[in-house]
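> this one's structure only:
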């Protein structure tokens, strides 16, 4: 197996492990990939760096899915229906990825880096945020930037709710 294939396998298997497990070890990752711990460290330097890459990929996939869903569904649907779909999607994602959310919000080993990744992805001035804010503005027919941003914040803060259930 080529080095790039091994690296991809390690990332993919870690994604599977982290979905439900709130505390995975480098040994768990190595065993799931049928490689030794040294191979994981060779390709990523540390478990923390691997987890950061995995979380970054999952967030990118999530942003893509949210954008596609929002633009496919927008049509002539009432805003309440769109919000319901968005919140349901967010809740399902959260319940299916409880381990990932734990690493994003609660685990100390990644917390500063993973939290900044989350903020960069969803709460900073970037293309994704502008796209979603524009869609919210158009949908709710508001020119008040504070109102639009508040609604955006409420939608995306729903990712943390399942952690408290």
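Nice, I can see it. None of the values given here were measured: they were computed from a predicted structure.
> Longest helix in this protein, by number of residues?
helix 47-73 (DSSP state H).
> what's the spacing between that one and its chain's center?
5 Å (Cα atoms, centre = their mean, to the nearest Å).
> Which elements pack onto it?
helix 3-20, helix 26-33, helix 37-44, helix 79-96, helix 98-105, helix 111-122, helix 127-140 (3 or more Cβ pairs under 8 Å, 6 or more residues apart in numbering; DSSP states H and E). All C-beta spots, glycine's among them, are computed from the backbone N, C-alpha and C.
> for that helix, which positions count as buried?
47, 50-55, 58-59, 62-63, 66, 70 (16 or more other Cβ atoms under 10 Å).
> Report the contact partners of the residue nearest to the spatial centre of the chain.
What sits nearest the mean C-alpha location of the chain, by Cα atoms, centre = their mean, is residue 59, with 3.1 Å. Contact partners of residue 59, counting by Cβ atoms under 8 Å, 6 or more residues apart in numbering, are 117, 118, 121, 122.
> distance of it from residue 29?
Separation of residue 59 from residue 29 (Cβ to Cβ, to the nearest Å) stands at 19 Å.
> what pLDDT, on average, does stretch 94-102 get?
Taken as a whole, stretch 94-102 carries a mean pLDDT of 82.
> Please apply the same query to stretch 43-63.
On average, stretch 43-63 scores 90.
> The chain should start at 54 in everything you say after this.
Taking 54 as the first residue, the last one we looked at is stretch 96-116.
> Show me how far that stretch is from its chain's centre.
10 Å.
> Equivalent analysis for stretch 85-97, please.
That offset, for stretch 85-97, works out to 24 Å (Cα atoms, centre = their mean).
> try stretch 56-64
21 Å.
> Could I get the buried residue list for that stretch?
In stretch 56-64, the ones that count as buried by 16+ other Cβ under 10 Å are 59, 60, 62, 63, 64.
> Repeat that for stretch 174-193.
Result for stretch 174-193 [16+ other Cβ under 10 Å]: buried residues 174, 175, 181, 182, 185, 186, 188, 189, 190, 192.
> where does residue 200 fall, helix, sheet strand or coil?
Following DSSP: H, G, I helix; E, B strand; the rest coil, the label given to residue 200 is helix.
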